[in-house]
Structures are given as C-alpha cells and as structure tokens.
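J.: Give me a model of this one.
(2 chains)
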Number of protein chains: 2
Amino acid sequence: MALFVTKFGGSSVASVEKMRNVCERIVEMKDQGNDVVVVVSAMGDTTDDLLKLAGSVGENLKYRELDMLISTGEQQSAALIALSLIAMGCPALSLTGWQAGIKTDGQHSKARIRDIEPARILQEIDTGKVVVIAGFQGLSPEGDITTLGRGGSDTTAVALAAKLKADRCMIFTDVDGVFTADPRIVKDARKLSSISYEEMLEMASLGAVVLQPRAAEFAMLYNVDVEVRNSFNNNPGTIITEVAKMEKQRIVSGVAHDLNVARIALFDVPDQPGVASIIFKTLADKGINVDMVIQSAMRDNRNDIAFTIESNEFNRARPVVNEIVMKIGASGMSYKTDVAKVSIVGAGMQSNPGVAANMFDALAHKDINIHMISTSEIKISCIIDEGEIETAVQALHEKFGLDKVD
Amino acid sequence: MALFVTKFGGSSVASVEKMRNVCERIVEMKDQGNDVVVVVSAMGDTTDDLLKLAGSVGENLKYRELDMLISTGEQQSAALIALSLIAMGCPALSLTGWQAGIKTDGQHSKARIRDIEPARILQEIDTGKVVVIAGFQGLSPEGDITTLGRGGSDTTAVALAAKLKADRCMIFTDVDGVFTADPRIVKDARKLSSISYEEMLEMASLGAVVLQPRAAEFAMLYNVDVEVRNSFNNNPGTIITEVAKMEKQRIVSGVAHDLNVARIALFDVPDQPGVASIIFKTLADKGINVDMVIQSAMRDNRNDIAFTIESNEFNRARPVVNEIVMKIGASGMSYKTDVAKVSIVGAGMQSNPGVAANMFDALAHKDINIHMISTSEIKISCIIDEGEIETAVQALHEKFGLDKVD
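T.: Below you'll find the model as predicted:
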C-alpha cells in the first residue's frame, strides 16, 4: 500500500464535470489500495475574479486581507472535490491550509512554508479517507491566513509529499509533461521521461513552466520525486528527480525560449565603484526584475552596461531608467523590446566542453545574430531578435538531437 | 467611548457599492470615538449559489463539507469590507469565525455557539482597528468549520455583544424595525420603538422575522439590548429589550400572520396510550415540524386529532400521514392547504383577561370562521381561511388600537 500526494490545478477543477473526472482518477488510485492526499487549486478563474472584485474596492490593498479573500477559492474547490468523492461512495474530507497544519512565515501574498504539522491529515488517512487539502495557503505565526504566491499549490503538494514521506507526488496539469521544446514550435519535440531538479528549475525560470520553480526547489531540497502528468489523459508524465536516479544522462535536455524580454542599454557609464549598485538597487526597489547583465570593455573610464527585464515591465521601467541615467551621469540609453531569449538546458553540459560553441554555431548557420549571452553550469542563454526565435529553437533542437531522446 | 457590535446582512453588502455605504456608517461611528466590531453575512445570493453548485455534485451531501464550502461566503465579504475600510483610511482587519474565537458544538449546518474566546478581537480593538468578523460560522471541538444555520450572523453579533459587554448591538437590515403588523397589509402599521424579547420571539416564530429567533433567544439569555435598524436610511430602529426596561407596557404589541400553513386532520383515532406519540414521533423523524395540535372530545373511545404543518412541507408529509393512519387504525384523514394563521402578541396579555374574547369578537364581526386556536402566555393564534387573512389582520390591528402605539 502506497501513499500518493496528488495535485490538480485550476483548469482540472474548473467545473463540476471536470471535478468528476478528477475524482474518478482518485477513486481508481484508492481502489488499487493506495492512500491518497489531494491538493487542489481554486476553480478556473476564481482567484482572478476575486482579485478583480478587490480591485474595485479601492487602492492600497492590504495583502493580509487579500490573502483572506482569495484563500476562499481553494477552500471551495477542496470542499466540492470532497463532496464529489463522497457522492461517488468514496470516504473523503476536506481541510483548509491551517487545518492541514501548514505553517508559513508572515509574508502575505508570497509566504513560504516553514513546517507542516500533519497530525490531522494522518488521523484522517488512518480512517480510510481521501484527504483533500486547499493548496496555495497556510497559517502565519500570528494566526493569519497566508497565500504562497504563484504556483503555491504545487509547492503545497511537494511539501506535503516530503513531510508525509509519500511514495509519489503527482502534479496533474493540462500538458503531458516536460518537453524537449515547445511542441507548438518544434514538431519533433518529445516528452522527457525524466528530468533533473536543476534542469527543471532552469527550464521553469526560462518560461517553460510545468512545475513552478519554488515547488521544484522544494522537491530538490527534500529529494521528492515529482511526476508531472496530464489530468485529461492516461499518458505517463515526466518524473523530476535527482540526476543520479535518471536512467540516461543527456548533455542537453531541452530548448527553452521566452518572448517576454526587453533589452536596455546604458551608454558611457562612469567606471566608479558603486555605480552598478545604484543602477540595480534602484530597479529592484521599484520591483523590476533584472535577468541578464553584460558590461562592455572599458573605454576612457566609461562602460556600456546592457541588461534585460521582462518586456511587460518595460513601461514601468522606462522612467526609472531615465532617472538612473541622470543620477549616474551616463550619456544616454537605448532599448529594444522585440528581442527574445533562447536557451539550452542540460545537466550533462558541465562535463562536456564545446556545448556553447555548438550552440553559437547552430545559430550562426541560420544567420541569427546574438545580442547577449549568459551561462550557468547547466544552461546557456542567448538574446536574439524576436522574429528569429522559431528558427533558433528548431535549429538548436535538431543540433542537439532532441528529436531522438526519450 | 463606547463599544458597538454591528451586523450587516447579505442585502446590505450585496455589491461593492453597497459595501461602501456600510463602510461610511462604520467610519462615522468610529469618528465619533467608538470602538466598532462588524459582523457580516455573505454577499447577496452567494450562499445560495454555493449550495446550488454543491447540489450539482450529487446526492447525500455531507454537512461538514457544505459548511466548509459556504463559510467562504462570509469570509469573502469580511475581507472585502476590511479592504474597503482600509481604502477609506480607516484601520481595519477581518477575522474568520475561528480566528474570532467562536467555539460551537459539532452539529454541522446548525451549530450552536458554546463560547467565544475574544483575545484576538480585543487585541485588534486595542490597536484602534475596526474588527470585521465573518458571521454565521465557528469552530467545532474537532477543529472543523461549522455554520450556525439560518440567521446565524444575527446570532454571531448578539453573542459577541454579550461576550464583549458591548454598549450596543445593532442589527442593520433592509427594514426600519419591528412593525405592529405587515405594512404591506395594514396601511396604519407603525414601527415599535421597543419590544420585549419574548414578544420578538413570538413574532419571529410567526413569520415576522426581523431578528432571527435564535438571536432573540441569545439576547434574552444574556440580556443584550439589540437595535434593529435599516442600513439604507438613518431612521431610528426598534430596540429589543427586557419588559422592565420598556417605556410603555402595551397589552398587544403586534398582529402577525403566516400563510405557510397546512392543516391535517385524522379521524377516529383510537384513544390508547402512546397513539399521539406514534403520530408526532413519526412526523418528527421525517423532519416535519408540527405547530398547533388540537384533539376533539372523545366519542366511543375514539378522537379526532388535527394539527398544522408548514404548507411547503405538505407534499413530503402526505405519504407519512397516510402511513400513520394505517399504523394507528384511524378511519381516515383530511387536509386543507389554503389556511393561514393570524396571531396577536403582547407581553401585557398575561395580566389582562379578556384579550382572547376581544380577538374572537373582532374576527366574528368580519364573519371570519376560526378552524383552530392556540394560546401561550403572550400570544393567541387562530387558523382561518387564507383568503380572509388581510381582513383579519386589519380588523385586529384596529381592534387593539395598534395604529396609535409608538
């Protein structure tokens, strides 16, 4: 008898009919003699609808109250899934985050799970019930309801799997798993049967979000095997695990891309200590995330500095950047919002030199100009023109033989 | 500086605009130097919508899970009211039932408040915040969310006022207060400036529901003065208090009526011990509430027994009654669903003989036939034909001079 922790996202529980489909899966696992813990997100657009309602109340919304408001979405779907299971003859019980013993810090709207006190969950499992838990939420040390931010239900599921020492953690979503590239762009894209935590993290941070980065981090930290699979079919999914447990070592596991990129360059930045700090601290203080940064070679004690941000933050960033130019005495700035990032990710890269050269070669062969480059141990990213992204992804997919991996 | 406990019902918080109106009232009380605790119901039809959603899941719904589901409605409106107050510059904080320390028994869907642990509420009041509490809900000894049943938010407010020793408990609703009769039927109906707990209870149980009976019971038990007033205007309301505190003693305070009545008669019921018990226990076991009962004089060791039930339960009751007729060996049954109940209520009645005679006289003068009569210390009710109810209410209102009370 095994213990499964399963998670179903908002699209999987968007209607009573879809919930029934979810419940049939749960009943099947239960009938096979397993204990099942289910983590659910809010139905479809519930969270966005509630946020819109709150937005119509006024400005300066307090996160504590927003958490109080939007946490009701997951509570509702947990109760409805439990009701649906009971109606199908399967004993079940729903729990809110606080009832499930999920303790977080006090950072409302982006709280982090500190610990889980699983007594109630274990007690209900012992009586043979399926325990349905409202994802995305917990309780702060002050006794207030917190939410975990984007992808919080994934994190709830992985954290529960770790704490309960579950035999498997299954994240049901609306795709079959992690692919070697976006199947909408690359016809030959293949689903990976497994991928390492580190690769998943890099893929996720690059926009290929199948498992939320924080959930992947949690899985890595507690060494939980997570299977991502489709809630609408029975195909096997992708198992996210540690490198050592993977059947095959691949040099490159996937090609990811991100269109939500804008490039900003500052010219003739004085080469003085503290200037970079002014630039990036000012942006951070305004909540603007900087991704890649390059600094050109110095000339007359002045540098050019270029960096990328999310292009949907560009309008907010622009006045901030102009202010920075004045403050640091740069000669000016330029920007380009029609750029994109293409990346190759692979745990085997670190022990295989020449991967970067192969990547640049593949892009050069297609006459694609590279504006910026950044590398990590298991990832190489290039900024290119947005119009060339499909060609680039296809070329790299072919170059690294990803149409042949399993 | 006084402490007010205020309660706003679903129609008062049905939209963000209406919430703003509620918040303006709260801010006004606060600006006058008072501490304010606010109890809210769910927005408009939220509870019914959630119940409908649950109904589409299946049969045999579990009350524990329904409570989990519908309690989110009050949590949402509490958060939205708090957000709205904060947006208006008034410090505020929302609390769920369990956060507010409301402890109930474990009877899901109709739980009773056992105790309130007000530490968190008092702590937040001390920091100058308006505390907005989700009504209608509490926490069971098992740590589960419970709901209090119809009118539960009224009960929450009265219980909080008792526990916090509030200076005033104000129930804001969509009517001006308690009237001497339904103003839609009696043009001269007047709003009462005060009414006793007992009278309010009788009025409420007769269908004139301004304050829920359980809330009135609670107020009587803990001697809390409750003011019922209109959330859409500034008219003074009706204060529900103990008889001794009322300015004027009236013999009759109001005329109530109820159209939701059906009369059932059983013929030739054997006069044996235990027969009445079989009849009424069988009905109770099926959840059918019996109101008035009369038994005719015995003839040949057999009686006729007539009783009333709510007419919307008639279809459910009919087969049960047929079964009872067989079981006890009665000769048959008859029923009448087009009857209604008219009642006069007044705390002064107990010390004024002849009130009943005056009532029967007034009805006789209008040629209204009385089918059944029941009396309590402060109430007399008659079952009459439904078509005569308006005439009866008007005649009684005039007979007892209710157009002249304050």
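J.: any residue of stretch A:10-29 up close to chain B?
T.: Yes. Stretch A:10-29 comes into contact with chain B (C-beta under 8 Å from any C-beta of the partner chain), by way of A:Val16, A:Met19. No exception for glycine: its C-beta is placed from N, CA and C like everyone else's.
J.: Keeping just the C-alphas, turn that stretch into PDB.
T.: What follows is stretch A:10-29 as a C-alpha-only set of coordinates in PDB (Å, rounded to 0.1, in the frame of the first residue of the first chain):
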ATOM      1  CA  GLY A  10      -7.300  25.200 -11.600                       C
ATOM      2  CA  SER A  11      -8.000  24.000 -15.200                       C
ATOM      3  CA  SER A  12      -8.500  20.500 -13.900                       C
ATOM      4  CA  VAL A  13     -11.200  21.500 -11.400                       C
ATOM      5  CA  ALA A  14     -12.700  24.400 -13.500                       C
ATOM      6  CA  SER A  15     -16.200  22.800 -13.400                       C
ATOM      7  CA  VAL A  16     -18.300  20.200 -11.600                       C
ATOM      8  CA  GLU A  17     -17.900  17.900 -14.600                       C
ATOM      9  CA  LYS A  18     -14.100  18.300 -14.600                       C
ATOM     10  CA  MET A  19     -14.100  17.700 -10.900                       C
ATOM     11  CA  ARG A  20     -15.900  14.400 -11.500                       C
ATOM     12  CA  ASN A  21     -13.100  13.400 -13.900                       C
ATOM     13  CA  VAL A  22     -10.500  14.200 -11.200                       C
ATOM     14  CA  CYS A  23     -12.500  12.200  -8.700                       C
ATOM     15  CA  GLU A  24     -12.600   9.200 -10.900                       C
ATOM     16  CA  ARG A  25      -8.800   9.200 -11.000                       C
ATOM     17  CA  ILE A  26      -8.600   9.500  -7.300                       C
ATOM     18  CA  VAL A  27     -11.100   6.700  -6.700                       C
ATOM     19  CA  GLU A  28      -9.100   4.500  -9.100                       C
ATOM     20  CA  MET A  29      -5.900   5.000  -7.100                       C
END
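J.: Next secondary structure element downstream of the helix or strand containing A:His257?
T.: Element membership of A:His257, judged by DSSP states H and E, is strand A:254-270. Moving toward the C-terminus from strand A:254-270, the next helix or strand (DSSP H and E) is helix A:275-285.
J.: So what's the gap between stretch A:28-35 and the chain middle?
T.: The chain centre lies 29 Å from the centre of stretch A:28-35; the measure is C-alpha atoms, centre = their mean, to the nearest Å.
J.: Identify each buried residue in the strand holding A:His257, please.
T.: Under the neighbour-count criterion of 16 or more other C-beta atoms under 10 Å in any protein chain shown, strand A:254-270 has A:254-258, A:260-269 buried.
J.: ditto for stretch A:89-104
T.: Of the residues in stretch A:89-104, those buried (16+ other C-beta under 10 Å) are A:90, A:92-104.
J.: Same question for stretch A:16-31.
T.: Taking 16+ other C-beta under 10 Å as the criterion, stretch A:16-31 shows A:Val16, A:Lys18, A:Met19, A:Arg20, A:Val22, A:Cys23, A:Arg25, A:Ile26, A:Val27, A:Met29, A:Lys30 as buried.
J.: Return the subset of the residues you listed lying in helices.
T.: A:Val16, A:Lys18, A:Met19, A:Arg20, A:Val22, A:Cys23, A:Arg25, A:Ile26, A:Val27, A:Met29, A:Lys30 (DSSP state H).
J.: pLDDT score assigned to the closest residue to A:Thr127 other than its chain neighbours?
T.: Of all residues not flanking A:Thr127 in the chain, A:Pro91 sits nearest, at 7.5 Å (C-beta to C-beta, 6 or more residues apart in numbering or on different chains). On pLDDT, A:Pro91 comes in at 97.
J.: Okay then, goodbye and thanks.
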